[in-house]
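*Asks:* structural data only, the sequence is not supplied:
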């Protein structure tokens with residue numbers, strides 16, 4: 001009987017030690033998982049910082065290349081809410097701006113890393129073509145003649161196209177509903193817009209900082 005009790009006690013003790021060991025092992029596994037997650041987060045953060053620094057390096061190289069030539073360039077200063085036209089290290093013009101468009105696209109533009117665009121085209125007038133859905137919303141049959149849909153200078157007196165869903169123009173007229181604008185644009189007042197457009201040409205570099 002005594003031997004049986006001793007045996008049962010030893011079995012219970014082994015099971016208890018085994019349970020304690022498993023509990024401690026699970027605790028170690030959890031600690032290692034937390035540490036691994038922290039290390040991964042640090043690695044990702046360092047990788048993102050490295051990418052940001054690389055982008056900054058590329059932007060600075062572009063800027064140095066521009067400063068070495070006598071060509072006008074534009075800087076969009078997001079934090080200061082203004083644009084500057086410069087040549088070499090001289091500022092030719094500075095004007096206040098607004099960034100407008102779909103809110104999610106504006107947020108993405110305002111938070112993206114510094115980058116460089118290029119003026120792809122410029123026009124000394126703007127045109128907007130009224131979409132079918134706007135006519136239907138007004139209860140009017142859309143005209144078959146596309147020329148009848150054009151609203152001239154609906155985006156101000158001039159426009160610069162920068163590509164990547166970005167443009168520079170004036171304030172949209174009341175005829176243009178905000179829902180009809182699916183891109184981000186830098187809005188300038190009429191006088192500033194005309195001056196900026198006159199100073200830049202297709203191919204001019206545009207720095208976003």
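*Replies:* Done, it's in. The structure presented is a predicted model; accordingly, all values stated were derived computationally and were not measured. Numbers count the residues shown, from 1 in each chain.

*Asks:* mind checking which helix or strand of the protein has the lowest mean pLDDT?
*Replies:* Between all helices and strands in the chain, the lowest mean by mean pLDDT, DSSP states H and E belongs to helix 2-67, at a mean of 66.

*Asks:* in the helix or strand that that helix is followed by, what's buried?
*Replies:* Following helix 2-67 in sequence order, the next helix or strand is strand 72-77 (DSSP states H and E). By 16 or more other C-beta atoms under 10 Å, the buried positions in strand 72-77 come out as 72, 73, 74, 75, 76. In this view, the C-beta of every residue, glycine as well, is placed from N, C-alpha and C.

*Asks:* look up the closest residue to the third one, ignoring the ones flanking it.
*Replies:* Looking back up the chat, that one is residue 74. residue 206 (4.6 Å; C-beta to C-beta, 6 or more residues apart in numbering).

*Asks:* right, and that neighbour touches residue 162 too?
*Replies:* Yes: contact criterion C-beta atoms under 8 Å: residue 206 and residue 162 qualify, at 5.7 Å.

*Asks:* returning to what we had before: could you dump the buried residues of strand 72-77 to a markdown table with distance to residue 158 and pLDDT?
*Replies:* Output for the buried residues of strand 72-77, formatted as a markdown table (distance: C-beta to C-beta, whole Å; pLDDT from 0 to 100):
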| residue | distance to residue 158 | pLDDT |
| --- | --- | --- |
| 72 | 16 | 96 |
| 73 | 18 | 97 |
| 74 | 14 | 97 |
| 75 | 19 | 97 |
| 76 | 17 | 98 |
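
*Asks:* the residue nearest to residue 74 belongs to a helix, doesn't it?
*Replies:* No: counting by DSSP: H, G, I helix; E, B strand; the rest coil, residue 206 is not found in a helix; it is strand.

*Asks:* for it, give me the pLDDT.
*Replies:* You'll see residue 206 listed with a pLDDT of 96.

*Asks:* check contacts around it.
*Replies:* Contacts here follow C-beta atoms under 8 Å, 6 or more residues apart in numbering; on that basis residue 206 touches 73, 74, 75, 76, 116, 117, 118, 119, 162.

*Asks:* I am finished for the moment; much appreciated.
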